[in-house]
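>>> Turn this into a structure:
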Amino acid sequence: MMWMENLEEYIDDVERVVTYKWLSQTLEVPVNLAKQMLYHYWTHCKKNEKPVFATYVIGGVSKDGLRKFVVTDEESYNATKEAFQKVTTQHLYSLQKKKLVDLETSLYGADVSLKKEDQSKAVRLSSIKYDAVKPRERNAYIAPVQHSEPTKTVLPSAFMAKATKKIKKKKGAMDGFLKG
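This is a model prediction of the structure:
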């Protein structure tokens, strides 16, 4: 498989941090296929006891009820996963020859070149499609929206009364703070 040889070259010879986004755009394959390619290569390396280090994305609902996405390394994978009440997504984010010391900086640096390239390729390879969206030119002038009549937001009176009480409570608390 040619792509396996490409991955091996990127990781072993060039010592590049290969993210699924970078792989997708470089080989011009859909992002989900790039994730599968990384996983296949990772399992091949583990089976042949070839050193390769991975980072993962874990997403879902945390134990405090918030929706979160976390990038983690192999050592912290299980602990990170246990911090979630419900995991809704998990996949390989990157593979590299050496363990990353600073995840955020290293992963940002791996994909920074993608931001300089034509983004239409990224849109084409994305797994999310919406035909009505059209890319616009950079620095294109956007005309202001013209309204025939001024718009007015009408809030229910119960909501307004509740909001007013909250504002009064906060104002009183701040007055004491400022005087003290």
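
>>> Which residue is the nearest non-sequential neighbour of Leu7?
Of all residues beyond its chain neighbours, the one nearest Leu7 is Tyr41 (4.8 Å), with distances taken as C-beta to C-beta, 6 or more residues apart in numbering. C-beta: built from backbone N, CA, C; applies to glycine.

>>> And Arg16, by the same measure?
Tyr10 is the one closest to Arg16 (C-beta to C-beta, 6+ apart), at 4.7 Å.

>>> And what about the one you found, helix, strand or coil?
The three-state assignment at Tyr10 reads helix, by DSSP: H, G, I helix; E, B strand; the rest coil.

>>> Am I right that Gly59 is in contact with His91?
No. Between Gly59 and His91 there is no contact under C-beta atoms under 8 Å: 9.2 Å.

>>> quick one, what contacts Leu103?
Applying C-beta atoms under 8 Å, 6 or more residues apart in numbering, one finds that Leu103 lies in contact with Thr55, Val71, Thr72, Asp73.

>>> Just put the residues you listed in a markdown table and tack on secondary structure and neighbour count.
What follows is the contacts of Leu103, written out as a markdown table (DSSP: H, G, I helix; E, B strand; the rest coil; neighbours: other C-beta atoms under 10 Å):
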| residue | secondary structure | neighbour count |
| --- | --- | --- |
| Thr55 | strand | 23 |
| Val71 | strand | 17 |
| Thr72 | strand | 20 |
| Asp73 | strand | 16 |
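
>>> Between which two of those residues is the distance greatest?
Checking the contacts of Leu103 against each other with C-beta to C-beta, the farthest-apart pair comes out as Val71 and Asp73, at 8.4 Å.

>>> pLDDT of the top strand by length along the chain, averaged?
Taking DSSP state E as the assignment, the strand of the chain that covers the most residues is strand 84-96. What strand 84-96 shows for mean pLDDT is 92.

>>> what are the C-alpha coordinates of it, in PDB please?
Output of strand 84-96 as PDB, limited to C-alpha atoms (Å, rounded to 0.1, in the frame of the first residue of the first chain):
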ATOM      1  CA  PHE A  84     -16.200  12.000  31.000                       C
ATOM      2  CA  GLN A  85     -19.700  11.000  32.000                       C
ATOM      3  CA  LYS A  86     -20.400   9.900  28.400                       C
ATOM      4  CA  VAL A  87     -17.900   9.600  25.500                       C
ATOM      5  CA  THR A  88     -19.500  10.400  22.200                       C
ATOM      6  CA  THR A  89     -16.400  10.500  20.000                       C
ATOM      7  CA  GLN A  90     -12.800   9.200  20.200                       C
ATOM      8  CA  HIS A  91     -10.200   8.900  17.500                       C
ATOM      9  CA  LEU A  92      -6.500   9.100  16.700                       C
ATOM     10  CA  TYR A  93      -5.500  12.700  16.200                       C
ATOM     11  CA  SER A  94      -1.800  12.300  15.300                       C
ATOM     12  CA  LEU A  95       1.100   9.900  15.100                       C
ATOM     13  CA  GLN A  96       4.700  10.800  15.500                       C
END
